[in-house]
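> coordinates only, no sequence provided:
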């Protein structure tokens, strides 16, 4: 509703009172400037929260970039260890074939070797996927 008082102003008036009477609703109104202040305050709060989320993600990305070279070195070292363990596995298999009397010992060594190979296979993938994880977090926080 437009009020032509000095200064001219706008306010929002509940139509329930006018339509259904005082038994259903009270006569109340809200000045447009008050609504504008509330909306502005809420938008600023939302903006601050978004900025905090963005800063947090940026910090994660910077940490990751600082560690990227380190991660690449770790990945190469893990790959070298993986190849070494695969070679060890082949040697154990050959020894097991030659020395059937101690097959149980070789089986245990093979089990440990297979566990190491599984671990060494998963670790480089988790390091490589760190960048994708950060990107997902960035999208989900926005």
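Alright, I've got the coordinates. As the structure is a prediction and not an experimental result, all values here were calculated from the model.
> which neighbouring elements make contact with the lengthiest helix in the chain?
In the chain, with assignment by DSSP state H, the single longest helix is helix 32-98. Applying 3 or more Cβ pairs under 8 Å, 6 or more residues apart in numbering; DSSP states H and E, one finds that helix 32-98 contacts strand 9-13, helix 103-128, helix 130-141. All C-beta spots, glycine's among them, are computed from the backbone N, C-alpha and C.
> name the residues of stretch 26-36 that are buried.
Of all the residues in stretch 26-36, not one is buried under the rule 16 or more other Cβ atoms under 10 Å.
> my bad, stretch 44-62
For stretch 44-62, burial by neighbour count (16+ other Cβ under 10 Å) applies to residue 57.
> what mean pLDDT does it have?
On average, the pLDDT along stretch 44-62 is 90.
> any idea how far it is from the chain center?
Relative to the centre of its chain, stretch 44-62 is centred 13 Å away, using Cα atoms, centre = their mean, to the nearest Å.
> and the angle for the longest helix of the chain with strand 9-13?
Helix 32-98 runs at 70 degrees relative to strand 9-13, counting by axes from the mean of the first three to the mean of the last three Cα atoms, to 10 degrees.
> list the contacts of the helix or strand residue 19 falls within.
Assessed by DSSP states H and E, residue 19 sits inside helix 15-20. Helix 15-20 has contacts (Cβ atoms under 8 Å, 6 or more residues apart in numbering) with 24, 25, 26, 27, 28.
> quick check: the second one vs residue 52, distance?
Looking back up the chat, that one is residue 25. According to Cβ to Cβ, to the nearest Å, residue 25 stands 40 Å off from residue 52.
> what's the answer for the first one, then?
In this structure, residue 24 lies at 44 Å from residue 52, with Cβ to Cβ as the measure.
> same question for the last one.
When distances are taken as Cβ to Cβ, residue 28 and residue 52 turn out to be 36 Å apart.
> distance of residue 43 relative to residue 99?
Distance, residue 43 to residue 99, by Cβ to Cβ: 76 Å.
> what do you get for residue 57?
As judged by Cβ to Cβ, residue 57 and residue 99 stand 56 Å apart.
> and the end-to-end length of stretch 2-21?
Start-to-end span of stretch 2-21 (Cα to Cα, to the nearest Å) is 22 Å.
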